[in-house]
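[1] Sequence plus predicted model, see below.
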Amino acid sequence: MAHRRRTYLLFLGSLILIAAQAFGMGATATAAGSPSRVVQHAQLNSTFTPSAQGAGTATGGATDEIPPHEPNSKTIRHGSASGVPVTAGNAVVGGQLSGFGGFNALSHLDQRAAGTGQYANTQFSLEPPDQGLCVGNGDVVEAVNNALQVFTTSGSALTVPIALSQFFGTKPEINRSVSPVVYGDFISDPRCYFDPGTGRWFLTELEMALDPATGDFAAPSHQFIAVSQSADPTGTWAIYSLNTTDDGMNGTPSDPGCPCFGDQPLIGADANGFYITTNEYGITSSAYNGGQVYAFSKAGLESGANTNAVRIDAGAMLTAGGLPAFSIQPATSPNQGYEAANNGTAYFMSAMDLGAGPTLGTRASSLAVWALTNTKALDSTNMNQVALSYVVIASEPYAQPPNAQQKPGPTPLASGQLVSGLHDHLELLAANDDRLNQVVYAGGHLWAALNTGINLPNGPTNAGIAYFVVTPSDTSGQLSATIAEQGYVGVTKEDVLFPSIGVTDAGSAVMAFTLVGPDYYPSAAYASLDLTSGVGSIHIAGAGALPDDGFSGYRQEGGAGVGRWGDYSAAVADTSGNVWMAAEYIPNAPRTVLANWGTFISHVTP
């Protein structure tokens with residue numbers, strides 16, 4: 001068991017807050033300060049309706065339709081040679097848990113056709129959606145790559161799908177109205193959080209510059225944070241920008257191999273702070289500097305009175321085999337169930353298969369639990385007095401997952417019906433790796449799950465799920481943690497992948513994930529999770545109607561037989577004790593030329 005505590009301040013600086021009216025298409029205002037703070041407000045609208053076949057008649061490999069590949073980090077994983085032995089699988093049953101309801105939400109058609117004015121017809125075809133979800137005050141906010149939409153809890157749309165480039169006021173992804181085309185800004189990895197104490201909404205997104213002529217990635221890079229200015233998510237949002245280039249320019253630290261960008265931003269919060277963690281990669285180099293933690297005053301972001309950030313290089317604190325810690329997931333808490341000890345404590349967790357960062361990992365049997373203490377200091381002039389520590393605890397084993405099979409069915413893209421000359425096999429689905437993508441702190445426990453390879457009796461190696469319920473303690477500044485419950489989710493000869501756990505403040509939990517395999521089209525599924533009895537039977541919330549038939553898995557479109565999926569689902573509890581879930585699936589609905597994914601939002605009362 002390793003333990004280390006550090007007050008580790010690398011950078012204390014202000015966010016740049018960008019401001020204009022209606023998605024940044026108005027005048028900007030700059031206030032005094034170092035660095036400058038520009039205040040931007042975005043107003044959601046409801047004036048645009050997408051049409052079917054939004055990608056038009058794209059041809060194979062069209063440079064104006066498929067985005068540049070993100071450098072270094074988002075490569076297709078091919079899994080480990082063998083999975084973890086699991087003695088019994090989970091049954092897939094009909095019916096639903098109490099309080100079930102659900103509706104179709106954002107689809108690839110919606111995101112591809114989103115955008116008005118100068119943003120019309122500027123979206124790329126994108127896979128995977130990367131599922132963001134937050135729920136509160138009778139509203140549901142969903143974000144995907146690269147659009148967002150607001151619904152009522154009954155599923156009625158309060159806004160149309162809105163291009164995230166338009167919402168954040170970045171350059172449009174691509175300008176197709178000129179020849180040759182002009183590339184704008186690259187944005188990715190949306191996340192969403194609702195603050196139950198104040199009723200404010202948070203939305204985050206990473207951004208990188210692109211060479212306007214070639215589409216090559218370039219400096220600078222930023223992390224955007226949008227904060228609603230009221231409890232109404234269809235109202236005005238303030239949008240902040242944090243420079244993550246870290247090349248010693250513009251007040252940023254000088255990190256090895258930079259200019260860099262912060263990949264896969266993860267978010268969390270406690271009573272005092274809002275937290276973003278990233279994995280720092282070189283933009284033009286092979287540098288990998290591990291997990292970075294950014295701590296903000298939550299109240300300061302909501303009011304605009306304190307936009308400073310404390311940055312901690314957590315990757316340098318924990319290394320194994322020469323590789324730094326990665327994907328350090330901050331926890332959220334339902335209904336303000338925060339940890340008040342040590343003047344405010346925010347918990348984080350990360351997987352210990354560190355090869356899943358810059359290289360392909362193999363297997364691990366431990367987890368890292370992190371604590372950021374003295375978080376009340378984030379609301380003061382001494383915000384750099386927070387202290388981060390970690391402890392490594394033994395856990396059940398988990399391993400890199402294999403790619404997932406699909407049930408055969410109609411594939412008009414693969415068969416060449418939509419793109420002339422394209423003929424390919426039914427693609428697999430990428431299960432990516434065994435990193436954590438969500439952590440919830442509720443009832444004194446940390447709840448988390450990740451992808452793993454599993455071996456069920458009489459079956460091949462499949463993609464499965466490992467889950468963990470951890471009891472942390474940081475008495476008198478000495479962090480410790482123990483496993484309260486752990487186990488696996490799997491279906492014989494089928495695949496389950498990309499889990500998220502929603503937990504009520506009473507400690508009732510539900511896990512959302514994808515179910516797919518030789519007998520199932522990609523479906524949005526869920527199961528109850530109990531501290532005593534473990535995981536229950538699997539229910540299908542949104543039944544897939546077709547195979548995934550998207551461009552990212554086909555060789556003519558630059559793929560390798562494995563389609564991008566996920567990269568994450570979402571699950572969150574509301575203040576009334578319901579658990580809300582969102583996951584990618586394949587509906588029987590209008591598609592674009594190059595992709596057919598949809599998302600399904602559902603809820604149960606555990």
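    That came in fine, so what should we check first?
[2] All the helices of the stretch 401-550 of the chain, in order from the start?
    Shown for the stretch 401-550 of the chain, no helices are assigned by DSSP state H, counting those that start in this stretch.
[3] same thing with the stretch 51-200 of the chain?
    Using DSSP H, counting those that start in this stretch, helices in the stretch 51-200 of the chain cover 108-113, 164-168.
[4] Report the rounded mean pLDDT for the longest one.
    It stands for helix 108-113. The average pLDDT for helix 108-113 rounds to 97.
[5] and that helix, how far from the chain's centre?
    Relative to the centre of its chain, helix 108-113 is centred 19 Å away, using Cα atoms, centre = their mean, to the nearest Å.
[6] Show me what it is packed up against.
    strand 147-152 (3 or more Cβ pairs under 8 Å, 6 or more residues apart in numbering; DSSP states H and E). For every residue, glycine as well, the C-beta is placed using N, CA and C.
[7] Could you list the low-pLDDT ranges of this protein?
    1-63, 69-81, 355-361 (pLDDT under 70).
[8] try 90
    Applying pLDDT under 90 to the chain flags the ranges 1-64, 66-83, 251, 319-323, 353-363, 381, 420-421, 458-459, 475-477, 555-560.
[9] So which bits of the top strand by length along it are buried?
    If you go by DSSP state E, the chain has its longest strand at strand 461-475. By 16 or more other Cβ atoms under 10 Å, the buried positions in strand 461-475 come out as 461-470, 472-474.
[10] Flag every buried residue along stretch 317-328.
    Buried residues in stretch 317-328 (16+ other Cβ under 10 Å): M317, L318, A320, L323, P324, A325, F326, S327, I328.
[11] would you list those in JSON lines and tack on distance to G536?
    Compiled in JSON lines, the buried residues of stretch 317-328 are given as follows (distance: Cβ to Cβ, whole Å):
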{"residue": "M317", "distance to G536": "38"}
{"residue": "L318", "distance to G536": "34"}
{"residue": "A320", "distance to G536": "35"}
{"residue": "L323", "distance to G536": "36"}
{"residue": "P324", "distance to G536": "37"}
{"residue": "A325", "distance to G536": "33"}
{"residue": "F326", "distance to G536": "31"}
{"residue": "S327", "distance to G536": "28"}
{"residue": "I328", "distance to G536": "30"}
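[12] and which of the residues you listed is nearest F124?
    Relative to F124, the closest of the buried residues of stretch 317-328 is S327; by Cβ to Cβ it sits at 24.8 Å.
[13] sec struct for that closest one, please.
    coil (DSSP: H, G, I helix; E, B strand; the rest coil).
[14] wait, it sits on P265?
    No - using Cβ atoms under 8 Å, S327 is not in contact with P265; the gap is 10.2 Å.
[15] Quick check: neighbours shared by these two?
    Between them, S327 and P265 share these contacting residues under Cβ atoms under 8 Å, 6 or more residues apart in numbering: T277.
[16] List the beta-bridge partners for G102.
    S602 (DSSP bridges).
[17] Of the helices of the stretch 51-200 of the chain, which is nearest A481?
    helix 164-168 (36.0 Å).
[18] Just the CA coordinates for the closest one, please, in CSV.
    The C-alpha trace of helix 164-168 is given here as CSV (Å, rounded to 0.1, in the frame of the first residue of the first chain):
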residue,chain,number,x,y,z
LEU,A,164,-21.3,23.1,-29.3
SER,A,165,-19.0,25.2,-31.4
GLN,A,166,-21.8,27.8,-31.7
PHE,A,167,-22.6,27.5,-28.0
PHE,A,168,-19.0,28.0,-26.9
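[19] so how far is it off the chain centroid?
    17 Å.
[20] cool, stretch 338-351 as well?
    The chain centroid and the centroid of stretch 338-351 are separated by 21 Å, computed with Cα atoms, centre = their mean.
[21] tally of neighbours for the nearest residue to K171 once chain neighbours are set aside?
    In space, and not counting its chain neighbours, K171 is closest to G184: 3.2 Å by Cβ to Cβ, 6 or more residues apart in numbering. Using other Cβ atoms under 10 Å, G184 has 19 neighbouring residues.
[22] Next one: G184 from H222, what distance?
    Applying Cβ to Cβ, to the nearest Å, the value for G184 to H222 is 14 Å.
[23] where's H222, which helix or strand?
    strand 217-228 (DSSP states H and E).
[24] any idea which helix or strand comes after that strand?
    strand 236-243.
[25] Dump that following strand to PDB, restricted to CA.
    Extracted in PDB, the C-alpha atoms of strand 236-243 (Å, rounded to 0.1, in the frame of the first residue of the first chain):
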ATOM      1  CA  THR A 236     -27.900  32.600 -20.200                       C
ATOM      2  CA  TRP A 237     -24.600  30.800 -19.500                       C
ATOM      3  CA  ALA A 238     -21.200  32.300 -18.700                       C
ATOM      4  CA  ILE A 239     -18.300  30.700 -20.600                       C
ATOM      5  CA  TYR A 240     -14.800  30.400 -19.300                       C
ATOM      6  CA  SER A 241     -11.600  29.300 -21.100                       C
ATOM      7  CA  LEU A 242      -8.600  27.800 -19.400                       C
ATOM      8  CA  ASN A 243      -5.300  27.700 -21.400                       C
END
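[26] helices and strands around it, which ones?
    strand 16-18, strand 41-43, strand 201-210, strand 217-228.
[27] List the buried residues in that strand.
    In strand 236-243, counting by 16+ other Cβ under 10 Å, buried: W237, A238, I239, Y240, S241, L242, N243.
[28] from those, which is closest to A404?
    Nearest member of the buried residues of strand 236-243 to A404, counting by Cβ to Cβ, is L242, at 35.0 Å.
[29] Quick check: bridge partners of the nearest residue to that closest one once chain neighbours are set aside?
    Spatial nearest neighbour of L242, excluding adjacent residues (Cβ to Cβ, 6+ apart): Q223 at 4.4 Å. Taking DSSP bridges as the rule, Q223 bridges to L206, L242.
[30] Likewise for the one 5 residues further on?
    Taking DSSP bridges, one finds W237 as the beta-bridge partners of S228.
[31] if I read this right, it contacts T234, doesn't it?
    No - contact criterion Cβ under 8 Å: S228 and T234 do not qualify, at 9.1 Å.
[32] quick one: which of these two has more around it?
    S228 (24 against 16).
[33] Quick check: that one vs L429, distance?
    34 Å.
[34] where's the residue lying closest to T605 once chain neighbours are set aside relative to A541, distance?
    Of all residues not flanking T605 in the chain, G99 sits nearest, at 3.1 Å (Cβ to Cβ, 6+ apart). Distance of G99 to A541, given as Cβ to Cβ: 12 Å.
[35] With A414 instead?
    27 Å.
[36] just P253 next, same as before
    Distance from P253 to A541, by Cβ to Cβ: 44 Å.
[37] neighbour-wise, which of those two wins?
    Between P253 and A541, A541 has the larger neighbour count (other Cβ under 10 Å), namely 24 against 14.
[38] Report the contact partners of the residue lying closest to the more buried one once chain neighbours are set aside.
    Of all residues not flanking A541 in the chain, S602 sits nearest, at 4.0 Å (Cβ to Cβ, 6+ apart). Contacts for S602 (Cβ under 8 Å, 6+ apart) come out as F100, G101, G102, F103, A524, Y526, A541, G542, W580, M581, A582.
[39] from those residues, which is closest to A571?
    For the contacts of S602, the nearest to A571 is M581 (4.7 Å; Cβ to Cβ).
[40] Enumerate every residue touching that closest one.
    Contacts of M581 by Cβ under 8 Å, 6+ apart are 133, 500, 502, 510, 512, 524, 526, 541, 569-571, 601-604.
[41] swap in A340?
    A271.
[42] hmm, 10 Å instead?
    A340 makes contacts with D270, A271, N272, T375, K376, as judged by Cβ atoms under 10 Å, 6 or more residues apart in numbering.
[43] can you check P190 too?
    Going by Cβ under 10 Å, 6+ apart, P190 touches 129-133, 142-148, 164, 167-168, 203-206, 224, 226, 265.
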